[in-house]
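Trainee: Have a look at this prediction, sequence included:
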Amino acid sequence: MVKAAQLIQPLKDRYPVFVFICQNLFLSVLIAVLNPFGLSDYTDHYTQSMIARFAAPFYDNKGQSEVVVVQINDQVLRELNQSWPLSYGAHARFLRQIISYQPKAIFVDFIYSQDRDPKGLNSLKRLLEKYNDPAGNSPVFIADVIRDGQSPLLPELQGDILRSQIHWSGYSSQYPLELSSSDSVSNTPAQDLYKVYCNKASCSDTQWLSDPAPMTLYWGTRTDPIMDHVTDTTECRTYDAGSFGNIAESARLLFTNTFMGLYNSDSLDKATRQSCPYSRYLFAHQLRLRMDTTEELLKDKIVIFGGSFTGIPDFVQSPVHGQIPGMFMHAMAVDNLITLEQDYLKEPEAITSLSVFSWADLIELSLVALLLWFIAFIAKTHWLASLPHKLILFSGIFTVILITAMAMSLLLNYSPVNVIGILLLMTYAISVSGEVESEVITDNQEIQENP
């Protein structure tokens, strides 16, 4: 270490700016590669959630009217004077009611694995076998989980019935569209439902579906006005539509998240979370009410049929809504495909097949190098001698990084650069920028002493 310092010192004396940039850039790469204590993964995940929250107001509502969730919850059970688990016969009746509205396709987000209700099971089996053609009317897919080549589904439901895989690992917060094993490739619900949608609607291009990359979910925030006719929406957060309204809402979220310490936990949650789902939904007991709203919600739509019950942990984390029932994740994934098609948000591919760096990595490293050069350039002018000037520079850097991250998400459809990680590095760089200033001062003194 001493010898390394002795070798670097002459370079620092002669090229302080260059050495400053190289040292901090090397530190950035080292942290990204070594990932100490999972710091890189944590900051990257937190950045994605943060940017997703700020970008949510800009999400196009093209797919919002095409996907609906039909849910069974504690309220539905009380209305029907039933308890959980419902009989298989009750599941079959609900599905028949949904099918009577002629939807495009249905995904059932229940795992039928318990050996009970033989009569109801036969009824459910006959219905699923009848609607097992993806190209037919209202095909029905049921949830399945394959572990070590084994399925927990009842043997009666492992025959000629459409199944979608809902269990995966190794994808962090991403949503895979297909899952590969040693001997097969299975689709997840969003992939299956989107294929049906494209068979019955106009999709610009579907060739990419043969080898799709995992999706980084883009969550919408504005509740559909039609929900006013379905449930009480007084607690839903609303804001003016249009470009100005979207910018104002995004700026409000940015301000609230930047100054979180000014809020208590309840007021912060109310200020930053949308309490109502983005996707359209209705409750299962409303199916029997042949209302115009129900017809509009279900006819020729993609339907996710699932449940949410007290004490049964089937929730996912949404950056916009917080904890939300898992069926809404599938609905949002289908919505992303309908709205964005092949331009959905994803991790960028490597620059070349032999490279470990992606275009996002290249953008991030270039941004870091540019900001380090700028910090070093400012330090040479002695402008960073005061704390207020350092705070001003930090605010400007934060703005640049945030704009870059938003542009990557909204324009390039890439997962954004690691805003938190870069900010931490820039904070460190600003704190040690005095080294560049002192080297420059020393050089000037030597020049004056030895003209």
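Mentor: Arrived safely. Numbers count the residues shown, from 1 in each chain.

Trainee: dump the residue contacts of L345.
Mentor: Counting by C-beta atoms under 8 Å, 6 or more residues apart in numbering, L345 touches 215-218, 336, 409, 413-415. Quick note: C-beta positions are derived from backbone N, CA and C, even for glycine.

Trainee: That one - nearest residue in space that isn't next to it in sequence?
Mentor: T216 (4.2 Å; C-beta to C-beta, 6 or more residues apart in numbering).

Trainee: burial count for that neighbour?
Mentor: T216 is flanked by 22 other residues according to other C-beta atoms under 10 Å.

Trainee: Would you mind stating the distance between it and Q48?
Mentor: The span separating T216 from Q48 equals 7 Å under the rule C-beta to C-beta, to the nearest Å.

Trainee: so what's in contact with those two at the same time?
Mentor: 173, 415.

Trainee: circling back to that earlier point, among the contacts of L345, which ones are in helices?
Mentor: Taking DSSP state H as the definition of helices, these contribute 336, 409.

Trainee: can I get the contacts of L345 in JSON lines with pLDDT?
Mentor: Shown next, in JSON lines, are the contacts of L345 (pLDDT from 0 to 100):
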{"residue": "M215", "pLDDT": "92"}
{"residue": "T216", "pLDDT": "91"}
{"residue": "L217", "pLDDT": "92"}
{"residue": "Y218", "pLDDT": "91"}
{"residue": "N336", "pLDDT": "96"}
{"residue": "S409", "pLDDT": "86"}
{"residue": "N413", "pLDDT": "83"}
{"residue": "Y414", "pLDDT": "81"}
{"residue": "S415", "pLDDT": "81"}
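
Trainee: Make a ChimeraX selection of whichever of the contacts of L345 turn out to be buried.
Mentor: The buried residues among the contacts of L345 can be selected in ChimeraX (16 or more other C-beta atoms under 10 Å) with this line:
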select :215,216,217,218,336,409,413,414,415
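
Trainee: domain ranges for the protein?
Mentor: Here the chain is described, according to automatic domain parsing, as comprising the domains 15-55+351-449, 62-237+274-343.

Trainee: So what's the residue count around M50?
Mentor: Under the criterion other C-beta under 10 Å, the count of neighbours that M50 has is 19.

Trainee: what's the answer for Y239, then?
Mentor: By other C-beta under 10 Å, the burial measure for Y239, its neighbour count, is 14.

Trainee: thought it was touching A251?
Mentor: No: using C-beta atoms under 8 Å, Y239 and A251 do not qualify as a contacting pair, with a distance of 11.1 Å.

Trainee: which SS class is the nearest residue to L157 once chain neighbours are set aside?
Mentor: Computed as C-beta to C-beta, 6+ apart, the closest residue to L157 that is not its neighbour in sequence is Y112, at 5.5 Å. Assigned with DSSP: H, G, I helix; E, B strand; the rest coil, Y112 falls in the coil class.

Trainee: any idea of the pLDDT on Y112?
Mentor: At Y112, the model reports a pLDDT of 94.

Trainee: Repeat that for L354.
Mentor: Per-residue confidence for L354 comes out at a pLDDT of 50.

Trainee: what's the answer for N450, then?
Mentor: With respect to pLDDT, N450 has a value of 49.

Trainee: Would you mind listing where the chain has pLDDT under the threshold?
Mentor: For the chain, the stretches with pLDDT under 70 are 1-18, 32-33, 182, 352-357, 434-451.

Trainee: all strands for the stretch 201-350 of the chain, in order.
Mentor: Read by DSSP state E, counting those that start in this stretch, the stretch 201-350 of the chain holds these strands, from start to end of the chain: 280-283, 302-308, 315-318, 322-325.

Trainee: Adding mean neighbour count, write these out as CSV.
Mentor: Below are those laid out as CSV (neighbours: other C-beta atoms under 10 Å):
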stretch, mean neighbour count
strand 280-283, 21
strand 302-308, 25
strand 315-318, 16
strand 322-325, 17
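
Trainee: Now render those strands as a markdown table, adding distance to Y428.
Mentor: Rendered in a markdown table, the data for the strands of the stretch 201-350 of the chain read as follows (distance: least, C-beta to C-beta, whole Å):
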| stretch | distance to Y428 |
| --- | --- |
| strand 280-283 | 46 |
| strand 302-308 | 44 |
| strand 315-318 | 30 |
| strand 322-325 | 32 |
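
Trainee: Go through the ones you listed and name the closest to V76.
Mentor: Nearest to V76 among these is strand 280-283; the distance by C-beta to C-beta comes to 5.2 Å.

Trainee: what pairs with the closest one, and is each one parallel or antiparallel?
Mentor: strand 67-73 (parallel) (DSSP bridges).

Trainee: chain center to the strand it pairs with: distance?
Mentor: Going by C-alpha atoms, centre = their mean, to the nearest Å, the spacing between the C-alpha centre of strand 67-73 and its chain's C-alpha centre is 21 Å.

Trainee: tell me the angle it makes with strand 302-308.
Mentor: Note on geometry: by axes from the mean of the first three to the mean of the last three C-alpha atoms, to 10 degrees, strand 67-73 and strand 302-308 are set 20 degrees apart in direction.

Trainee: which stretches of the stretch 51-200 of the chain form strands?
Mentor: 67-73, 105-108, 140-144, 162-165, 178-180, 185-187.

Trainee: Could you dump those into JSON lines with distance to L402 added?
Mentor: As requested, the strands of the stretch 51-200 of the chain are arranged in JSON lines below (distance: least, C-beta to C-beta, whole Å):
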{"stretch": "strand 67-73", "distance to L402": "30"}
{"stretch": "strand 105-108", "distance to L402": "36"}
{"stretch": "strand 140-144", "distance to L402": "38"}
{"stretch": "strand 162-165", "distance to L402": "36"}
{"stretch": "strand 178-180", "distance to L402": "33"}
{"stretch": "strand 185-187", "distance to L402": "36"}
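
Trainee: Need the residue closest to the centroid of the protein.
Mentor: For the chain, L217 is the residue whose C-alpha lies nearest the centre (C-alpha atoms, centre = their mean; 3.2 Å).

Trainee: hang on, that one packs against A333?
Mentor: Yes: under the criterion of C-beta under 8 Å, L217 lies in contact with A333, with a separation of 6.3 Å.

Trainee: Quick check: neighbours shared by those two?
Mentor: Taking C-beta under 8 Å, 6+ apart as the contact definition, L217 and A333 share the neighbouring residues Y175.

Trainee: Before I go, just wanted to say thanks for your time.
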